[in-house]
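Novice: coords please:
(one chain, ligands or ions: 1)
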Amino acid sequence: MCGIVGYIGSRDVSTTLIEGLRLLEYRGYDSAGIAVAATGGEISMRKRAGRLANLEGVLGELPTGSIAGIAHTRWATHGAPTDLNAHPHMDEHGEIAIIHNGIIENYAELQRELTAKGHTLSSDVDTEVIAHLIEDAYQGDIRLAVAAVLPRLHGQWALVVMHRGEPGRIIAARREAPLAVGLGEGEQFLASDPVAILEHTNKIVFLRDGDLADLQRGGITLYDAAGAKFAPKVETITWDGAAARKEGYDHFMRKEMDEQPRALSAAMLGRVSVDGVAISELDAIAPALAAARSIEVVACGSAYYASLTAATLAERLLRVPVRVTVASEFRYDPPALGPTSLVIAVSQSGETADTLGAVRTAKAAGATVLAIVNAAGSSLTREADAVVLLQAGTEISVAATKSYTSQALVTLLVTLDLARRAGALTAEDLRSWSTELLTIPAMASAALDSSDALPAIAKKYFGSSGFMFVSRGAGIATAFEGALKLKELAYIHAEGIAAGEMKHGPISLLGADHPVVAVVLNSSVLPKLVSNLMESRARSAPVIAILSGVDDWSTFATDAVVIPAARPEIAALIATIPLQRFSYEMALLAGADIDQPKNLAKSVTVE
Ligand code: F6R
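Specialist: Numbering: from 1, shown residues only. Modelled structure (predicted):
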């Protein structure tokens with residue numbers, strides 16, 4: 001979503017900031033801006049709607065010789081993505097420049113108050129009120145002014161502020177939106193995601209909720225929510241620079257799809273052996289796991305669908321209620337929670353606002369929170385009681401691919417380990433599971449190979465009025481995910497439904513121009529699914545089938561992609577791979593921006 005970069009030091013300030021923004025581009029944005037401070041204090045600002053290239057086009061107009069600066073990519077929440085609404089924002093005297101990620105919920109009230117006092121606000125965005133409030137509070141020390149204003153704000157923020165009277169100083173503050181400081185020698189960096197600055201320093205301080213950082217060239221000073229100074233906890237971050245490059249691929253999405261065998265293998269490393277599954281990260285919460293009487297899984301979007309794959313298996317094995325809920329609903333309308341509830345939060349970024357909100361709701365109710373996350377060091381990893389990392393590597397494409405299959409796999413591994421700990425699986429059952437789990441990377445490679453049939457299938461059905469993705473059992477999650485991928489990437493309407501529900505309404509849509517995409521897995525409900533597909537064929541709908549362990553498809557499908565045979569929970573995650581390719585090919589045909597679909601952001605840090 002929105003991206004922040006800040007810098008104080010002797011490098012070329014605008015180049016350093018723009019390079020940082022470029023590394024955050026993948027998160028999605030619709031305008032960008034920069035403000036730089038000269039030695040004498042004068043702040044110059046440039047902002048442009050659209051891509052970063054538009055901003056770069058006007059950078060030449062900035063004065064040279066600046067010593068500090070802040071830059072932003074904005075994903076519109078309040079106000080359209082225009083030049084005016086782009087960040088930074090300034091007070092009317094051009095003394096304060098501010099950048100903000102998040103939402104100020106009481107901005108309308110603050111705006112009224114400021115207007116009544118005679119302030120002139122020029123944009124439609126919530127952020128601008130903060131600049132004017134700081135202007136009123138300023139008495140010669142920008143840190144004190146920011147600290148005085150923060151209690152007046154309701155909502156979420158990662159804020160960075162510069163004042164004309166104090167060149168070479170940047171104040172940063174966070175609440176429920178990520179912000180990190182990068183420490184250098186005689187230079188300091190700021191970023192909403194360390195990826196933007198790791199080329200320059202791997203010494204990172206992640207700000208916590210309520211923290212305020214005072215950055216000056218020689219060092220940083222940190223203050224907690226009560227205003228007390230504290231020593232920075234510096235983390236050394238290792239960064240895989242290759243993840244940020246396409247390495248010969250046209251799109252990050254395609255590269256990340258191809259990385260799935262490796263990512264799935266990494267997810268099992270040290271966790272799955274021929275004898276079974278053991279996740280050492282769960283040891284720290286073993287008493288809470290043993291005491292758990294219910295399991296609530298919370299996630300958003302693709303992570304939500306990935307979480308569904310093993311949920312029924314978990315309930316069957318563990319004999320406790322297991323419910324998967326979208327985090328945006330859970331956070332404001334939670335089920336009965338208490339000390340015997342285990343809440344599992346699943347997220348690629350670990351920064352999704354709704355998932356973090358759900359976790360805070362759960363913790364406030366006394367539940368134990370286990371996070372399944374890809375991004376090490378993210379907010380979710382710091383708030384949970386225990387963390388199992390996906391180990392999928394950085395995912396740049398907005399559409400989840402390797403993180404989806406890794407999430408589905410790790411939730412399955414956690415399910416199996418919980419069952420082992422509860423004595424719900426025999427040693428023989430565990431060996432049988434792990435033998436099959438260890439073949440997942442090879443199955444994923446085979447699925448990537450068989451996906452080469454999809455360009456022709458996509459071409460055949462491109463232009464259809466819509467697509468219905470269906471399955472039964474564990475495959476339903478895959479059908480949901482397949483529909484989401486087609487919508488977000490190719491902007492084609494698609495619906496994911498349980499196949500048994502078709503006859504209760506959705507079947508009306510079917511016809512020669514409205515194909516069905518079926519996830520056909522070899523399970524006890526296969527005959528039922530086949531009947532539903534025959535009903536679709538009887539209404540002239542083409543059926544594109546992703547088949548696992550099913551050989552004879554000519555009666556119910558018009559087109560087929562064959563993936564390896566496996567038990568349903570495993571086949572379901574492998575079946576996602578051809579569906580990713582289907583959407584990718586459709587998006588190519590639609591001429592869509594594959595890595596950054598319109599209106600979307602990689603990390604959804606607002607509600
Ligand atoms: C779709 C997609 C999104 C995310 C969702 C949650 O391809 O990527 O639906 O799955 O925004 O994001 P995380 O996993 O970062 O919490």
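Novice: and the residue of the protein nearest the ligand?
Specialist: Nearest residue of the chain to the ligand: G301, at 2.0 Å (C-beta to the nearest ligand atom). C-beta coordinates here come from the backbone N, C-alpha and C atoms, glycine included.
Novice: count of residues packed around that residue?
Specialist: By other C-beta atoms under 10 Å, the residues close to G301 number 22.
Novice: same check on R262?
Specialist: R262 is flanked by 16 other residues according to other C-beta under 10 Å.
Novice: host element of L144?
Specialist: Using DSSP states H and E, L144 falls within helix 142-149.
Novice: by contact count, what packs against the helix or strand following that helix?
Specialist: Going down the chain from helix 142-149, the next helix or strand is strand 155-163, by DSSP H and E. For strand 155-163, the elements it packs on are strand 3-8, strand 66-74, strand 96-104, helix 128-137, helix 142-149, strand 169-175, judged by 3 or more C-beta pairs under 8 Å, 6 or more residues apart in numbering; DSSP states H and E.
Novice: neighbouring contacts of the last one?
Specialist: The reference is to strand 169-175. 6, 8, 68, 70, 102, 142-143, 146, 150, 156-163, 179, 181, 188, 190, 207-216 (C-beta atoms under 8 Å, 6 or more residues apart in numbering).
Novice: are any of the residues you listed buried, and which?
Specialist: Taking 16 or more other C-beta atoms under 10 Å as the criterion, what is buried in these is 6, 8, 68, 70, 102, 142-143, 146, 150, 156-163, 179, 181, 188, 190, 207-209, 211-215.
Novice: domains of this protein?
Specialist: 3-243, 246-438, 451-595 (automatic domain parsing).
Novice: weakest of the ones you listed by average pLDDT?
Specialist: Among the domains of the chain, domain 3-243 carries the lowest mean pLDDT, at a mean of 92.
Novice: wait, does that domain contact the ligand?
Specialist: No - shown here: domain 3-243 not in contact with the ligand (C-beta under 6 Å from any ligand atom), separated by at least 10.3 Å.
Novice: roughly how far out does stretch 209-217 sit from the chain middle?
Specialist: Its chain's average C-alpha position is 25 Å from that of stretch 209-217, according to C-alpha atoms, centre = their mean, to the nearest Å.
Novice: straight-line length of it, end to end?
Specialist: Terminal residues of stretch 209-217 are spaced 24 Å apart (C-alpha to C-alpha, to the nearest Å).
Novice: what does that stretch contact?
Specialist: So stretch 209-217 is contacted by 6, 8-9, 67, 143, 146-147, 150, 168-176, 181, 186-188, 190, 205, 207, 220-225 (C-beta under 8 Å, 6+ apart).
Novice: which positions within stretch 593-607 qualify as buried?
Specialist: I594, D595, Q596, P597, L600, A601, K602, S603, V604, T605, V606, E607.
Novice: the ligand contacts on the stretch 251-400 of the chain?
Specialist: C300, G301, S302, A303, S347, Q348, S349, T352, T355, A399, A400.
Novice: ok, now with 5 Å
Specialist: C300, G301, S302, A303, S347, Q348, S349, T352, A399, A400 (C-beta under 5 Å from any ligand atom).
Novice: mind listing what A422 touches?
Specialist: Neighbouring residues of A422 by C-beta under 8 Å, 6+ apart: A290, L317, L318.
Novice: quick check: which element contains the closest residue to the second one other than its chain neighbours?
Specialist: Of all residues beyond its chain neighbours, the one nearest L317 is A419 (4.1 Å), with distances taken as C-beta to C-beta, 6 or more residues apart in numbering. Per DSSP H and E, A419 falls inside helix 402-421.
Novice: quick one: the following helix or strand past that helix to helix 402-421, angle?
Specialist: Following helix 402-421 in sequence order, the next helix or strand is helix 427-437 (DSSP H and E). For helix 427-437 against helix 402-421, the angle by axes from the mean of the first three to the mean of the last three C-alpha atoms, to 10 degrees is 170 degrees.
Novice: output helix 427-437 as CSV, nothing but the C-alphas.
Specialist: What follows is helix 427-437, C-alpha atoms only, in CSV (Å, rounded to 0.1, in the frame of the first residue of the first chain):
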residue,chain,number,x,y,z
ALA,A,427,3.1,-43.0,14.1
GLU,A,428,2.0,-44.9,11.0
ASP,A,429,-0.5,-42.1,10.0
LEU,A,430,2.2,-39.5,10.5
ARG,A,431,4.7,-41.4,8.4
SER,A,432,2.2,-41.8,5.7
TRP,A,433,1.5,-38.1,5.7
SER,A,434,5.1,-37.1,5.7
THR,A,435,6.0,-39.5,2.9
GLU,A,436,3.5,-37.7,0.7
LEU,A,437,4.3,-34.2,2.0
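Novice: list of residues touching that helix?
Specialist: With C-beta under 8 Å, 6+ apart, helix 427-437 has contacts from 268, 272-277, 409, 412-413, 416, 420, 425, 566-567, 570.
Novice: mind doing that once more with 6 Å?
Specialist: V272, G276, L416 (C-beta atoms under 6 Å, 6 or more residues apart in numbering).
Novice: could you do stretch 266-286 as well?
Specialist: For stretch 266-286, using C-beta under 6 Å, 6+ apart, the contacting residues are 368, 385-386, 388, 390-391, 406, 409-410, 413, 416-417, 430, 434, 437.
Novice: which parts of that stretch are buried?
Specialist: A266, A267, M268, R271, V272, G276, V277, A278, I279, E281, L282, I285.
Novice: what about A345, is that helix, strand or coil?
Specialist: Of the three states, A345 takes strand under DSSP: H, G, I helix; E, B strand; the rest coil.
Novice: just list whatever residues bridge to it.
Specialist: Following DSSP bridges, A345 is listed with bridge partners V298, A371.
Novice: can you count the residues close to it?
Specialist: 29.
Novice: which residues touch it?
Specialist: A345 neighbours (C-beta under 6 Å, 6+ apart): V298, T355, V359, A371.
Novice: can you pick the most crowded of the residues you listed?
Specialist: V298 (32 neighbours).
Novice: shouldn't that residue be in contact with A327?
Specialist: Yes - V298 lies in contact with A327 (C-beta atoms under 6 Å); the separation is 4.4 Å.
Novice: and for these two, which residues touch both?
Specialist: With C-beta under 6 Å, 6+ apart, V298 and A327 have common neighbours A358.
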